[in-house]
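Enquirer: sharing a sequence plus its predicted fold:
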Amino acid sequence: MAANFVYVFAIVIAMIGFYVVIDRGNLLKKLIGLNIFQTAVFLIYISMGKISGGTAPILYDGDAPFSNPLPHVLILTAIVVGVATLALGLGLVVRIKEAYGTIEEDEIQAQEAAEEDGP
Amino acid sequence: MVALTIVRLRNIFAVVMLSGIYSFLMATTFLVLDAVDVAFTEAAVGAGITTVLGLAAMALTTDREKIPTHWPTLPLAVVVVTGAILLYAVPDMPRFGAADSPIHRHVVPRYIDETPRAIGIPNIVTSVLADYRGYDTLGEVTVIFTAGVGVLLLLGRTRRRPKGSTK
């Protein structure tokens, strides 16, 4: 357990992000929480690929073992995709702000309910 | 921790800036864990582009968060339970840094052995990304393209829609 503290650390970060996502009503902050969660997952992958005494997976004239390049590749892809989805989410938030005048979840729900009751 | 401050702060501007700092710290962590390419990307994309996007969205919406009215019992409980379940799984993970854990045994030795001969570039991450897993990268580009089109569709329309006319 003590040797695996990286995973514990990643889980703590992931749970902080998760908490922001499910508790905070502000949509911008929700997205940032999602980002934090995502980084924690990246951290788990990258730490699985680490070899003690290893070096970065770039060929050179030494004989230290390379850390696993496969998680690096996958996470590289994931980071970029994460930014793409974040951009899309922020775009949605901007449209929501235009349509409802607020980005607080409970206020939006209150407006929806009022609209259904009203006309 | 920076992440905790993000939870507490209500000023969105400070939150966005802190998330930039957080990304940068994460990039240094990746560097320590030998993932130099990931560290580059995280520093450039996470600390750079994400911050800019967050600031732009903030400028278009609002920079104040409402003060919550309820004590977050249920979310806190859900988070703690999920965290406990995940922590329960931690001792089953291979020891951190072990060279003989399952992840290092399958396709990766082949990638490392063949890269100098078959691809001929020193950076193994690049060779895997662009060659062995080229289809993944193609899919990634598709995702980015779709997201870009989506953002343009969402934000590019003229803002003439009258208020309350649509559901």
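Expert: Perfect, I can see it now. Numbering: from 1, shown residues only, chains lettered A, B, ... in the order given.
Enquirer: list every C-alpha atom in the lengthiest helix in chain B, with coordinates, as PDB.
Expert: Longest helix of chain B, by residue count under DSSP state H: helix B:134-156. Only the C-alpha atoms of helix B:134-156 are listed here, as PDB (Å, rounded to 0.1, in the frame of the first residue of the first chain):
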ATOM      1  CA  GLY B 134      -1.900   5.400 -36.300                       C
ATOM      2  CA  TYR B 135      -5.600   4.600 -36.500                       C
ATOM      3  CA  ASP B 136      -6.100   5.900 -32.900                       C
ATOM      4  CA  THR B 137      -4.500   9.200 -34.000                       C
ATOM      5  CA  LEU B 138      -6.800   9.300 -37.000                       C
ATOM      6  CA  GLY B 139      -9.800   8.800 -34.700                       C
ATOM      7  CA  GLU B 140      -8.500  11.500 -32.400                       C
ATOM      8  CA  VAL B 141      -8.300  13.900 -35.300                       C
ATOM      9  CA  THR B 142     -11.800  13.000 -36.200                       C
ATOM     10  CA  VAL B 143     -13.000  13.800 -32.700                       C
ATOM     11  CA  ILE B 144     -11.200  17.200 -32.700                       C
ATOM     12  CA  PHE B 145     -12.800  18.000 -36.100                       C
ATOM     13  CA  THR B 146     -16.200  17.000 -34.800                       C
ATOM     14  CA  ALA B 147     -15.700  19.100 -31.700                       C
ATOM     15  CA  GLY B 148     -14.500  22.100 -33.800                       C
ATOM     16  CA  VAL B 149     -17.600  21.800 -36.100                       C
ATOM     17  CA  GLY B 150     -19.800  21.600 -33.000                       C
ATOM     18  CA  VAL B 151     -18.300  24.700 -31.400                       C
ATOM     19  CA  LEU B 152     -18.700  26.600 -34.700                       C
ATOM     20  CA  LEU B 153     -22.300  25.500 -35.100                       C
ATOM     21  CA  LEU B 154     -23.000  26.500 -31.500                       C
ATOM     22  CA  LEU B 155     -21.300  29.800 -31.400                       C
ATOM     23  CA  GLY B 156     -21.200  30.800 -35.000                       C
END
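Enquirer: neighbours of residue 57, just the number please.
Expert: Because you didn't say which chain, this covers chain A. For A:Pro57, the count of nearby residues is 29 (other C-beta atoms under 10 Å in any protein chain shown). The C-beta positions use only the backbone N, C-alpha and C, and glycine is treated the same way.
Enquirer: could you do chain B instead?
Expert: Using other C-beta under 10 Å, B:Ala57 is surrounded by 25 other residues.
Enquirer: after the helix or strand hosting it, which helix or strand is next? Please name it.
Expert: According to DSSP states H and E, B:Ala57 maps onto helix B:50-60. Once the chain leaves helix B:50-60, the next helix or strand it forms, by DSSP H and E, is helix B:73-89.
Enquirer: give the buried residues for that following helix.
Expert: Residues B:75, B:78-79, B:82-83, B:86 are the ones in helix B:73-89 that count as buried (16 or more other C-beta atoms under 10 Å in any protein chain shown).
Enquirer: now stretch A:103-119
Expert: A:103-104, A:108.
Enquirer: likewise stretch B:138-152?
Expert: Buried residues in stretch B:138-152, counted by 16+ other C-beta under 10 Å: B:140, B:143-144, B:147, B:150-151.
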